[in-house]
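A.B. asks: need a structure here:
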Amino acid sequence: MAHPTQLGFQDAASPVMEELLHFHDHALMIVFLISTFVLYIILAMVSTKLTNKLILDSQEIEVVWTVLPAIILVLIALPSLRILYLMDELNDPHLTIKAMGHQWYWSYEYTDYENLGFDAYMVPTQDLTPGQFRLLETDHRVVIPMESPTRVLISAEDVLHSWAVPSLGVKMDAIPGRLNQTTFMVFRPGMHYGQCSEICGANHSFMPIVIEAVPLEHFENWSALMLEDA
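C.D. replies: Model (predicted):
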């Protein structure tokens, strides 16, 4: 989860988020180089005779400021297309979960199991126990097996919502009457927190998402207990 005074992204917990972090650093370095180069040109034009008409009308300069941006766009486009390919639909996920947005809570259904589903409400501040986080904890957590491809089908019952978990690199809109989907795979155990990222009404900031990644045998035990309770 995020920490006080944190400036960068959360630690990656999925391969896609790792790629997004690398792409962010890559694009940021390109922006830094462009900014430095433009600043240098501005200072040089102010302090030297680069404003000479023969220099500004040079064909070589026109070629450079046409070709150079094209090269920069290619350097940005190629890694971004690679990430889009990695985020593409999974053909054979190990687990499928349906997430439905409501005002103002999430309901989940494990479609591979019969009668395995629950609503997830935010835990009020007065009910929090030591170690839980205000505005981020829910009464039911979405438990998934780690190192297993997971597909989430996302929709909404009333208004627009958005199912987002930053550490997993996941953000997908929940639209009434439309079924969107996203896929991810968590490679380390632990808790991963998210929130609705669409302004969906008065209690928009009170519908958090909690993903708990556990080893496969623990997930099987949890699902068996949930089915018994159902």
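
A.B. asks: tell me the domain boundaries of the chain?
C.D. replies: 15-86, 95-229 (automatic domain parsing).

A.B. asks: tabulate these (TSV), appending mean pLDDT.
C.D. replies: Conversion of the domains of the chain to TSV gives the following (pLDDT from 0 to 100):
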stretch	mean pLDDT
domain 15-86	84
domain 95-229	93
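
A.B. asks: which one, of the ones you listed, ends up nearest to residue 4?
C.D. replies: Taking CB to CB, domain 95-229 is the member of the domains of the chain nearest to residue 4, at 11.9 Å. Just so you know, the C-beta spots here come from the backbone N, C-alpha and C atoms, and that holds for glycine as well.

A.B. asks: how about the CA coordinates for stretch 215-227, as CSV?
C.D. replies: Output in CSV follows, covering the C-alpha atoms of stretch 215-227 (Å, rounded to 0.1, in the frame of the first residue of the first chain):
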residue,chain,number,x,y,z
PRO,A,215,-0.6,-20.0,-1.6
LEU,A,216,-2.8,-22.3,-3.5
GLU,A,217,-3.4,-24.8,-0.6
HIS,A,218,-4.5,-21.9,1.7
PHE,A,219,-6.9,-20.7,-1.0
GLU,A,220,-8.4,-24.2,-1.3
ASN,A,221,-8.9,-24.3,2.5
TRP,A,222,-10.5,-20.9,2.5
SER,A,223,-12.9,-21.7,-0.4
ALA,A,224,-13.9,-24.9,1.3
LEU,A,225,-14.8,-23.0,4.5
MET,A,226,-16.7,-20.4,2.6
LEU,A,227,-18.7,-23.1,0.8
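
A.B. asks: chain center to the lengthiest helix in the chain, what's the gap?
C.D. replies: With DSSP state H setting the assignment, residue counts place helix 15-47 as the longest helix in the chain. Relative to its chain's centre, helix 15-47 lies at 23 Å (CA atoms, centre = their mean, to the nearest Å).

A.B. asks: so which elements touch that helix?
C.D. replies: Here helix 15-47 touches helix 59-86, going by 3 or more CB pairs under 8 Å, 6 or more residues apart in numbering; DSSP states H and E.

A.B. asks: name the helices or strands packed onto the helix it packs on?
C.D. replies: Counting by 3+ CB pairs under 8 Å, 6+ apart, helix 59-86 packs on helix 15-47.

A.B. asks: now the angle from the helix it packs on to helix 59-86?
C.D. replies: 170 degrees (axes from the mean of the first three to the mean of the last three CA atoms, to 10 degrees).

A.B. asks: pick the most buried one from the domains of the chain.
C.D. replies: Mean neighbour count (mean count of other CB atoms under 10 Å) peaks for domain 95-229 among those, with a mean of 17.
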